[in-house]
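>>> Give me a model of this one.
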Amino acid sequence: MKLFSRTTTTVATSATAIAFGFTLLGPTSPAHASVAFRVQSVITGKCMQWNGYNKTVTLATCKHKWSQIWSPEGTQLASDADQYGAWCLDDPSKREKAPTGRACRDSGIVIMNDKRIGHTTYMASHGGYFKTVDGKIKWGNRSSKNKYMQWKLLAA
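Okay, here's the model as predicted:
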């Protein structure tokens, strides 16, 4: 009776290598190992930055830090500043105001038309668009200049 075959040995060796590789490298993000990116304004070249719960989300010089890394969380955009993915981008209660950071359970839906790294995308929520106005993030009516509403996704 043959207990091990060449196939069994190959599968076992591959599984061990994958497990060892994961142990050395770890996940790319605490909550979102699969897709994580920075969201850069096409107008300013700056990235969206989480500044805390119930605080304004701003634009800042792009850096590799958790407060600038975002991941899709269902139909929302979650900040990786929270390792559990519980903080999300939310539109303000009035148009042409800055978006805020909220608990994902209290946030609205954020729709992005393209989630590929290096591509430009539009972000919308509740019938309004996230855009760059006077160097700041605003949410509200569609802009007559499409470039103001464009965002580029950068690798985290």
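
>>> next helix or strand past the lowest-mean-pLDDT helix or strand in the chain?
Least confident helix or strand, the chain: helix 6-25 with a mean of 39, by mean pLDDT, DSSP states H and E. For helix 6-25, the following helix or strand on the C-terminal side (DSSP states H and E) is strand 37-41.

>>> Now do that following strand: which elements does it pack against?
strand 47-49, strand 70-73, strand 150-155 (3 or more CB pairs under 8 Å, 6 or more residues apart in numbering; DSSP states H and E). Every residue, glycine included, has its C-beta placed from N, CA and C.

>>> partners of the residue positioned nearest the centre of the chain in the sheet?
When the chain is reduced to its mean C-alpha position, the closest residue under CA atoms, centre = their mean turns out to be W70, at 2.3 Å. On the basis of DSSP bridges, W70 is bridged to F37, S79.

>>> residues contacting L77?
For L77, the contact set (CB atoms under 8 Å, 6 or more residues apart in numbering) comprises V39, W70, S71, C88, L89, V110, M112, M123.

>>> In which helix or strand does it reside?
Per DSSP H and E: strand 76-79 holds L77.

>>> next one: that strand to chain centre, how far?
6 Å (CA atoms, centre = their mean, to the nearest Å).

>>> following it, which helix or strand shows up next?
Taking DSSP H and E, what comes next after strand 76-79 is strand 87-90.

>>> Show me what that following strand is packed against.
strand 76-79, strand 100-103.
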